[in-house]
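In: coordinates for the following, if possible.
(one chain, ligands or ions: 1)
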Amino acid sequence: MPLQPVDVVWMNGKLVPWKDATVHVLSHALHYGTGVFEGIRCYETERGPAVFRLRDHLDRMVRSARIFLMDIPYSVDDLVDATHDLIRSNGLRSCYVRPIAIRGYGEMGVNPSNNPVEVSIAVWPWGAYLGDEALEHGVRMTVSSWRRHDHNIIPPQAKVTGAYVNSAMAKVEALHAGYDEAVMLNPEGYVSEATGENLFVIKDGVILTPPLCAGPLAGITRETIKTIAADLGIPFSETLLTRADLYLAEEMFCSGTAAEVTPVREIDQRIIGEPGPVTTTIQQKFFAIVKGEDEKYHEWLDFIL
Ligand code: PPE
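Out: Sure, this is the predicted structure:
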């Protein structure tokens with residue numbers, strides 16, 4: 001789906017017209033993948049647009065930057081204000097929010113240390129990441145032949161642009177094989193996550209997801225699901241998962257800011273079928289929360305006034 005341009009983008013402290021939100025072709029990050037970023041969603045609620053867990057996402061971006069010895073020259077408070085301002089200025093009721101801090105133009109060569117850190121935030125309307133049909137009936141996944149990078153290759157806890165070459169390889173392979181999404185195993189052969197989503201299987205009524213040591217990103221939607229499960233009394237456990245655990249799953253779903261809560265209906269020709277009761281319960285609660293329909297979780301929402 002081509003991007004839908006909006007009016008302005010926040011770049012290094014200023015709102016600039018969408019078409020002028022460009023960087024130099026010799027920006028360090030373009031050549032060496034030296035950028036950290038976030039993906040956040042803003043939903044339409046009865047009280048206007050609301051950004052879901054904005055501060056948690058920005059805190060994670062600061063943590064990603066710390067791993068790479070990158071100082072972001074704005075505070076989280078500054079970036080919260082910038083995001084509010086940006087959504088207001090574009091007059092959007094719901095959108096995706098993409099903050100990114102890159103090593104910019106300055107020197108060439110692998111060492112990023114002397115290049116300026118440039119920070120931008122862009123917003124655009126973004127529908128269901130894996131399609132509306134996927135949200136309702138689930139996606140078809142395959143285990144990728146590509147392994148996920150691990151803690152000593154590229155730390156999975158850092159949401160760094162360069163790492164997504166690995167995701168893109170797996171995604172393209174899955175699409176070419178006729179699937180919607182790829183599951184990635186870590187170098188030890190345990191399940192880590194999908195190309196841009198965390199993974200969950202349900203076995204004996206328990207929601208299972210790989211622990212962070214298995215190499216998934218510490219997803220904010222994953223954390224949200226953990227809280228929802230606890231609040232609803234659904235057992236939840238972080239457990240190492242093998243390929244066979246996927247093939248024997250009673251239910252399976254994936255989560256992410258972009259993908260939200262998307263059921264999985266097939267994994268490598270093992271048919272799971274239509275979304276089951278646990279998946280449906282979690283998905284409905286998730287959408288109620290992000291749309292502001294459950295007051296108990298309003299502290300997770302930044303209402304844009
Ligand atoms: N794993 C990966 C590798 C990942 O990229 C994401 C988010 C997640 C898990 C889920 O994290 P969270 O959004 O905090 O629940 N992927 C973002 C980028 C997607 C894209 O195509 O770009 C997202 O979902 O916004």
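In: packing partners for the helix or strand harbouring Leu199?
Out: Applying DSSP states H and E as the criterion places Leu199 in strand 198-203. In terms of contacts (3 or more Cβ pairs under 8 Å, 6 or more residues apart in numbering; DSSP states H and E), strand 198-203 is packed against strand 206-209, helix 220-232, helix 243-247, strand 251-256. C-beta here means a position set from N, CA and C on the backbone, and glycine is covered the same way.
In: and with 10 Å instead?
Out: When contacts are defined as 3 or more Cβ pairs under 10 Å, 6 or more residues apart in numbering; DSSP states H and E, strand 198-203 packs onto strand 181-185, strand 191-194, strand 206-209, helix 220-232, helix 243-247, strand 251-256, strand 260-267, helix 277-290.
In: next SSE after the longest one?
Out: What that stands for is helix 277-290. strand 301-303.
In: quick one: that following strand to chain centroid distance?
Out: Relative to the centre of its chain, strand 301-303 is centred 18 Å away, using Cα atoms, centre = their mean, to the nearest Å.
In: partners of that strand, with directions?
Out: strand 48-52 (antiparallel) (DSSP bridges).
In: quick revisit: got the helices and strands packed on strand 198-203 as a markdown table, with mean pLDDT columns?
Out: A markdown table is the format used below for the helices and strands packed on strand 198-203 (pLDDT from 0 to 100):
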| stretch | mean pLDDT |
| --- | --- |
| strand 181-185 | 98 |
| strand 191-194 | 98 |
| strand 206-209 | 98 |
| helix 220-232 | 98 |
| helix 243-247 | 98 |
| strand 251-256 | 98 |
| strand 260-267 | 98 |
| helix 277-290 | 98 |
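In: I'd like these laid out as JSON lines, including mean neighbour count.
Out: Below are the helices and strands packed on strand 198-203 laid out as JSON lines (neighbours: other Cβ atoms under 10 Å):
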{"stretch": "strand 181-185", "mean neighbour count": "25"}
{"stretch": "strand 191-194", "mean neighbour count": "27"}
{"stretch": "strand 206-209", "mean neighbour count": "21"}
{"stretch": "helix 220-232", "mean neighbour count": "18"}
{"stretch": "helix 243-247", "mean neighbour count": "15"}
{"stretch": "strand 251-256", "mean neighbour count": "26"}
{"stretch": "strand 260-267", "mean neighbour count": "24"}
{"stretch": "helix 277-290", "mean neighbour count": "19"}
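In: redo these as a markdown table? Include distance to the ligand.
Out: Listed next are the helices and strands packed on strand 198-203 as a markdown table, based on distance: least, Cβ to the nearest ligand atom, whole Å:
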| stretch | distance to the ligand |
| --- | --- |
| strand 181-185 | 8 |
| strand 191-194 | 5 |
| strand 206-209 | 11 |
| helix 220-232 | 3 |
| helix 243-247 | 16 |
| strand 251-256 | 3 |
| strand 260-267 | 9 |
| helix 277-290 | 11 |
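In: so does the strand holding Leu199 get close to the ligand?
Out: Yes. Strand 198-203 reaches the ligand (Cβ under 6 Å from any ligand atom) through Asn198.
In: so in that sheet, which strands flank that strand, and in what orientation?
Out: Partners of strand 198-203 in its sheet, by DSSP bridges: strand 206-209 (antiparallel), strand 251-256 (antiparallel).
In: and it, what's its mean pLDDT?
Out: In this model, strand 198-203 has a mean pLDDT of 98.
In: from the chain's centroid, how far away is that strand?
Out: Counting by Cα atoms, centre = their mean, strand 198-203 comes out at 17 Å from the chain centroid.
In: stretch 287-298 now?
Out: 19 Å.
In: how does this protein divide into domains?
Out: 8-124, 132-290 (automatic domain parsing).
In: dump those into CSV; add distance to Met1 as well.
Out: Shown next, in CSV, are the domains of the chain (distance: least, Cβ to Cβ, whole Å):
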stretch, distance to Met1
domain 8-124, 10
domain 132-290, 12
